[in-house]
Structures are given as C-alpha cells and as structure tokens.
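Visitor: below is the structure, and that's it, no one-letter string:
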C-alpha cells in the first residue's frame, strides 16, 4: 500500500476538479487539509481548493464555511513565530 502525501492528494483533487467531479474534489481537498495542517501554506491551499470545489458544486454553505475557516487559520496560525526584535 502506498503512503498518501499532501502533494499526491492535492494532485488527485485537482484532477477531480478538471473532470468536474466537485464532490470528489471537495473530499480530496479535505483529505489534503488533514495532511497539510501543520504547514500554514498547505493548510490554506487546501481550504482554497475546498472553497472552489464547493462553489462550483453549488454548495455555497460549504464554500462560505471554508472562507471563514481560511481567514481564521490565517489570523490565528498556532505555529506563527514571534516577531524578531
């Protein structure tokens, strides 16, 4: 069994987007979100993917939820480093 990586799951999600399989793309971006949660850039990219997939799939509720979560993650990144003095 091969190990799932953030990059491989994001690639699968983008492929699903290209096939217009919005629900599958949303699920794959969600999986990538879990895998990329420790790195802010990956975390935010997964949320952006979920927003696009939800919007195109007509799930405005999920799109709006992920906008809120994306903003919160960007503002309250728990791995943020203190500013150098």
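Guide: Looks like it came in fine. Keep in mind the model is a prediction, meaning the values are calculated, not measured.
Visitor: quick one: distance of stretch 19-30 to the chain centre.
Guide: Taking Cα atoms, centre = their mean, to the nearest Å, the mean C-alpha location of stretch 19-30 is offset from the chain mean by 11 Å.
Visitor: go on, stretch 63-81?
Guide: Between the centre of stretch 63-81 and the centre of its chain there are 11 Å (Cα atoms, centre = their mean).
Visitor: run through who's touching it.
Guide: In this structure, residues lying in contact with stretch 63-81 by Cβ atoms under 8 Å, 6 or more residues apart in numbering are 38, 40, 43-44, 47-48, 50-51, 54-55. The C-beta positions use only the backbone N, C-alpha and C, and glycine is treated the same way.
Visitor: ok, 7 Å please
Guide: Contacts made with stretch 63-81 from outside it, assessed by Cβ atoms under 7 Å, 6 or more residues apart in numbering, are listed as 40, 43-44, 47-48, 50-51, 54-55.
Visitor: now stretch 11-25
Guide: Defining contact as Cβ under 7 Å, 6+ apart, one finds that stretch 11-25 is touched by 28-29, 32, 49, 52-53, 56-57.
Visitor: end-to-end on it?
Guide: Taking Cα to Cα, to the nearest Å, the span from the opening residue of stretch 11-25 to its closing residue is 10 Å.
Visitor: same deal with stretch 9-27?
Guide: In stretch 9-27, first residue to last residue: 10 Å (Cα to Cα).
Visitor: just the buried ones among the contacts of stretch 11-25, please.
Guide: The neighbour-count test (16 or more other Cβ atoms under 10 Å) marks 28-29, 32, 49, 52-53, 57 as buried among these.
Visitor: any idea of the pLDDT on residue 79?
Guide: At residue 79 the predicted local confidence, pLDDT, stands at 62.
Visitor: what is the mean pLDDT for the strand or helix carrying residue 61?
Guide: In this structure, residue 61 sits in helix 60-75 according to DSSP states H and E. For helix 60-75, mean pLDDT rounds to 95.
Visitor: buried stuff in that helix?
Guide: Under the neighbour-count criterion of 16+ other Cβ under 10 Å, helix 60-75 has 62-63, 66-67, 69-70, 73 buried.
Visitor: could you dump these to JSON lines with distance to residue 8?
Guide: Putting these into JSON lines (distance: Cβ to Cβ, whole Å) gives the following:
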{"residue": "62", "distance to residue 8": "23"}
{"residue": "63", "distance to residue 8": "25"}
{"residue": "66", "distance to residue 8": "21"}
{"residue": "67", "distance to residue 8": "26"}
{"residue": "69", "distance to residue 8": "23"}
{"residue": "70", "distance to residue 8": "22"}
{"residue": "73", "distance to residue 8": "22"}
